[in-house]
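Trainee: test case, fold it:
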Amino acid sequence: MQADEGAEFVATPYVPQKVIFDFYFDDPQKINAGLYWIRSFMGPLLDEPYGYAPEMLDIKVVIHGTEIVTLARKNYAQYRDAVERMRYYAELGVEFKVCALAARDFDYTREDFQDFVQVVPSAMTELVHWQMQGYGLITPRIMNKHRANDEIR
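Mentor: Predicted structure coming up:
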């Protein structure tokens, strides 16, 4: 038997949320898809029926993969779009945290990064710390799409 009206929309009664994103990508360009995950998290909560203000959300992003190069000031021209999206999110209250160990692997110092970035001692200890404070962990899986939606639907 087939339903007449399709799927039901359910507005789950979300409360203001706190989350930590774990960014560890094998290609710096994947930062763009990772930022889409942040948008996908924030957007529905800022829109109706929830209507939360950005300051009601507590969002942190720990960066410790190759995408760290996108935040180096010397690479701004190459990653301008991603940097400006991160700057926009930072203005809304999202905290971008770079792992000092990963920075050292890339020969970066604190001064090498954009001014909205925080450098933390270790991505691992940072992720555990915030999870112990009740933050939900989101680790984006960024895959290469090989076929267009029209081909597979």
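
Trainee: beyond the one helix or strand residue 98 maps to, next helix or strand please.
Mentor: Assignment of secondary structure by DSSP states H and E places residue 98 within strand 95-99. Once the chain leaves strand 95-99, the next helix or strand it forms, by DSSP H and E, is helix 100-105.

Trainee: how far away from the center of its chain is that following helix?
Mentor: 19 Å (CA atoms, centre = their mean, to the nearest Å).

Trainee: and for stretch 142-150?
Mentor: Counting by CA atoms, centre = their mean, stretch 142-150 comes out at 20 Å from the chain centroid.

Trainee: pLDDT on it, on average?
Mentor: Here stretch 142-150 scores 87 as its mean pLDDT.

Trainee: and stretch 37-46, by the same measure?
Mentor: For stretch 37-46, the mean confidence score works out to 95.

Trainee: which residues does that stretch contact?
Mentor: 14, 16-17, 19, 21, 50, 52-54, 57, 59, 61, 89, 92, 94, 138, 140 (CB atoms under 8 Å, 6 or more residues apart in numbering). Placement of C-beta: from N, CA and C, glycine included.

Trainee: what's the answer for stretch 94-104, then?
Mentor: 38, 59-65, 68, 71, 86, 89-90, 109-110, 112-113, 116-123, 126.

Trainee: at 6 Å instead, please
Mentor: 59-64, 68, 86, 117-123, 126 (CB atoms under 6 Å, 6 or more residues apart in numbering).

Trainee: would you mark the buried spots in it?
Mentor: 94-100, 102-103 (16 or more other CB atoms under 10 Å).

Trainee: and that stretch, end to end?
Mentor: In stretch 94-104, first residue to last residue: 24 Å (CA to CA, to the nearest Å).

Trainee: quick one: the strands in the chain?
Mentor: For the chain, the strands defined by DSSP state E occupy 18-23, 58-63, 95-99, 117-120, 136-138.
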